[in-house]
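>>> A structural model of the following input is requested.
(one chain, ligands or ions: 1)
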Amino acid sequence: MQKSWDVIVIGAGVAGGLAAFDCARRGLRVLLVEKRSFPRWKVCGCCFNANALAALTAAGLPNLIRDQGAVPLDQLRLGWSGKSLNLALPGGWALSRERFDQALVNAAEAAGAIVRFQTSAVLEEMTTGGRMVRLRPSPGAPIERIKARVVLVAAGLQHQVIPPSHAASSRSMPESRLGAGCLIHDDDCSYEPGAIHMAIGQRGYVGLVRREDGALNMAAAFDSAAVKSSGGVARAAEAVLTQAGFALPRRLESSRWQLTAALTRRAGQFAGHRFFLLGDATGYVEPFTGEGMAWALAAGVAVAPFVEEAQGEWTTDLERRWRSRLVELTISRQRLCSVLSTLLRQPLATKALFSLGCQWPAVPQRMISSLNRVSPLMASS
Ligand SMILES: Cc1cc2nc3c(=O)[nH]c(=O)nc-3n(C[C@H](O)[C@H](O)[C@H](O)COP(=O)(O)OP(=O)(O)OC[C@H]3O[C@@H](n4cnc5c(N)ncnc54)[C@H](O)[C@@H]3O)c2cc1C
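Just a heads-up that it's a prediction; the model follows:
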């Protein structure tokens, strides 16, 4: 394999896949490295909003979600303490990460990127005009060291690409919740397609959505103590669904859940000498209706001009400008989600919000519209 690249993208999730595509279509020599083999399932609610579509459109992939058979979403069904509140969703789609992430990788390959699966990458030392990256392919294969002018770290929530002592590695906040997810293949009709079903409990929430293949995707966040005291993730999910007054999916007991690391986190720096961070690697705020992937995609489509500029001299001004770009594109938009997730952890505030929403549905409806409003920055790029 070539020993020197214009850009190495670490992680083929939504941020890395789109960044690899956009860099490759601009004629850069791109290596996209992914530690898992694809297609792969991952913990995620699988819901895309209009901002995700706007980012894909800006990158020249306006039909990617629909071409994969995504299920249109038009309703958000909230459940809390046996009460339910139905709100209209201003456009959204449910699509499995197996299909979406694979489609992005295919687009990146078609644009000229080279893709290596089952290869874990670690950022190494600076070198003249670039950064060294260590690749660890599947067990038994030799370790390789290659160089890139720029490295994009798009390795998700809890990656080990950068040493934990570096300011660009992310730290979880105290009291952060754990993410969890599972897939249920059932013939249950309690959870109809076209809606995000969101059960809010005292110590977590569970989101359920029907994917394009009919399977029920469950994605949740729990207080870590709730997982321990309930006797496992499936039990914690059962408790939340019961508290919310939602039906228990028939195969819930035999479901196989996967846990994530502590969710709420933030990296101290979003770039360093010849590398940029994007997507969840920069930090994580709990999403509600498809914001997470929209933020990651917005960063994925914004980074290519920085990569092009960094093919020459590296300046700390690039690092500063990437930070400002991320703040305007994503960090500032994460505030409402952050406030909402804090409020929904307080029983009295949840009760007040829910009663208010039941009496005046226009109030939560306005919040949903605000979360889903297409960023003018995306619309104009
Ligand atoms: C419970 C839960 C529900 C969610 N629901 C939604 C939702 O409905 N809608 C929404 O928009 N967002 C949702 N999100 C958020 C969304 O999943 C993330 O924001 C999004 O996946 C971030 O994309 P990313 O590309 O930054 O990281 P990821 O999608 O996590 O991709 C990172 C990739 O990097 C790879 N990798 C990691 N380390 C290395 C390494 N060293 N070398 C090579 N490869 C590596 C990983 O294998 C992975 O494929 C949810 C998240 C959680 C936890």
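>>> Pull up the per-residue confidence for the residue lying closest to Ser190 once chain neighbours are set aside.
Spatial nearest neighbour of Ser190, excluding adjacent residues (CB to CB, 6 or more residues apart in numbering): Ala247 at 4.0 Å. Where you see a C-beta, it was placed from the backbone N, CA and C, and this is true even at glycine. If you check Ala247, the pLDDT there is 94.
>>> For Gly207, the count of nearby residues, please.
Neighbour count of Gly207, defined by other CB atoms under 10 Å: 23.
>>> Can you pull the residues of the stretch 51-200 of the chain lying near the ligand?
120-121, 154-157, 159-161, 179, 181 (CB under 6 Å from any ligand atom).
>>> which residues are there in the stretch 251-381 of the chain that come within reach of the ligand?
Within the stretch 251-381 of the chain, the positions lying close to the ligand (CB under 6 Å from any ligand atom) are 260, 263, 279-281, 287, 290-294, 296.
>>> Is it possible to get CSV of those that adds neighbour count?
Output for these, formatted as CSV (neighbours: other CB atoms under 10 Å):
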residue, neighbour count
Thr260, 20
Leu263, 21
Gly279, 32
Asp280, 28
Ala281, 31
Pro287, 22
Gly290, 26
Glu291, 22
Gly292, 26
Met293, 29
Ala294, 30
Ala296, 26
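>>> Let me know the closest of these to Phe48.
Using CB to CB, Gly290 comes nearest to Phe48 of those, at 5.0 Å.
>>> Tell me who's in contact with the closest one.
Listed by CB atoms under 8 Å, 6 or more residues apart in numbering, the contact partners of Gly290 are 45, 47-49, 51-52, 92, 372.
>>> So which of the residues you listed are in strands?
Among these, DSSP state E puts 47-49, 92 in strands.
>>> State the pair within those residues that is farthest apart.
Greatest spacing in these, by CB to CB: Cys47 and Asn49 (7.0 Å).
>>> what residues are shared contacts of these two?
Common neighbours of Cys47 and Asn49, using CB under 8 Å, 6+ apart, are 92, 289-290.
>>> Which residue ranges of the chain form helices?
For the chain, applying DSSP state H gives helices covering 14-25, 50-58, 64-67, 97-110, 224-230, 233-244, 291-302, 304-309, 316-329, 334-343, 347-359, 362-372, 376-380.
>>> so which of those helices comes closest to Ala271?
Among those, the nearest to Ala271 by CB to CB is helix 316-329 (4.0 Å).
>>> Could you list the buried residues of the closest one?
Neighbour-count burial for helix 316-329 flags 318-319, 322-323, 325-326, 329 (criterion: 16 or more other CB atoms under 10 Å).
>>> can you check stretch 211-223 too?
211-212, 215-223.
>>> near the ligand, from those residues?
Within these, those near the ligand by CB under 6 Å from any ligand atom are 219-221.
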